[in-house]
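**Student:** Below is the structure, and that's it, no one-letter string:
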């Protein structure tokens, strides 16, 4: 038995999922990032939220569990993001989730620009 990490789009291939399951894969960490399409688009992610449910079902059809990687702090997030995302994860049967705060990495100019704009307007007490 083993666990790995994959892109959600790997689930588009039934053969790949079959090979993973046959090799002993029992779970995968998948960076879903957000269940809000506007949030994904705002940070240049290519994931399509509307495809998540079907792709997750395909993964479960091969008896592979899912641990989701989720990011909070995007422009379209608010306090309800946590509860909505948690409810969605419960509905989808996600085994666990790792939540991260939006963090700019090198060469992610859009994220850097957004954070710089936010910080330049930040009021220090």
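**Tutor:** Good, I have the coordinates. Here the structure is a predicted model, which means the values were calculated and not measured.
**Student:** End to end on stretch 57-77, go ahead and measure it.
**Tutor:** Length of stretch 57-77, first residue to last, C-alpha to C-alpha, to the nearest Å: 26 Å.
**Student:** What mean pLDDT does it get?
**Tutor:** The average of the pLDDT scores along stretch 57-77 is 93.
**Student:** Check the offset of that stretch from the chain's centre.
**Tutor:** What separates the centre of stretch 57-77 from the centre of its chain is 5 Å, taken as C-alpha atoms, centre = their mean, to the nearest Å.
**Student:** List the buried residues of that stretch.
**Tutor:** Residues of stretch 57-77 classed as buried by neighbour count (16 or more other C-beta atoms under 10 Å): 58-59, 62, 64-66, 68, 70-72, 74, 77. Placement of C-beta: from N, CA and C, glycine included.
**Student:** With stretch 79-97 instead?
**Tutor:** 81, 85, 88-89, 92, 94.
**Student:** Columns distance to residue 12, pLDDT and secondary structure on top of the residues you listed, output as JSON lines?
**Tutor:** Listed next are the buried residues of stretch 79-97 as JSON lines, based on distance: C-beta to C-beta, whole Å; pLDDT from 0 to 100; DSSP: H, G, I helix; E, B strand; the rest coil:
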{"residue": "81", "distance to residue 12": "27", "pLDDT": "91", "secondary structure": "helix"}
{"residue": "85", "distance to residue 12": "23", "pLDDT": "95", "secondary structure": "helix"}
{"residue": "88", "distance to residue 12": "21", "pLDDT": "95", "secondary structure": "helix"}
{"residue": "89", "distance to residue 12": "21", "pLDDT": "95", "secondary structure": "helix"}
{"residue": "92", "distance to residue 12": "17", "pLDDT": "94", "secondary structure": "helix"}
{"residue": "94", "distance to residue 12": "19", "pLDDT": "95", "secondary structure": "coil"}
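**Student:** and which of those residues is nearest to residue 49?
**Tutor:** residue 88 (9.6 Å; C-beta to C-beta).
**Student:** Name the SS class of the closest residue to the closest one other than its chain neighbours, please.
**Tutor:** Leaving aside its sequence neighbours, residue 88 sits nearest to residue 35 (C-beta to C-beta, 6 or more residues apart in numbering; 5.1 Å). At residue 35 the chain is in coil, as set by DSSP: H, G, I helix; E, B strand; the rest coil.
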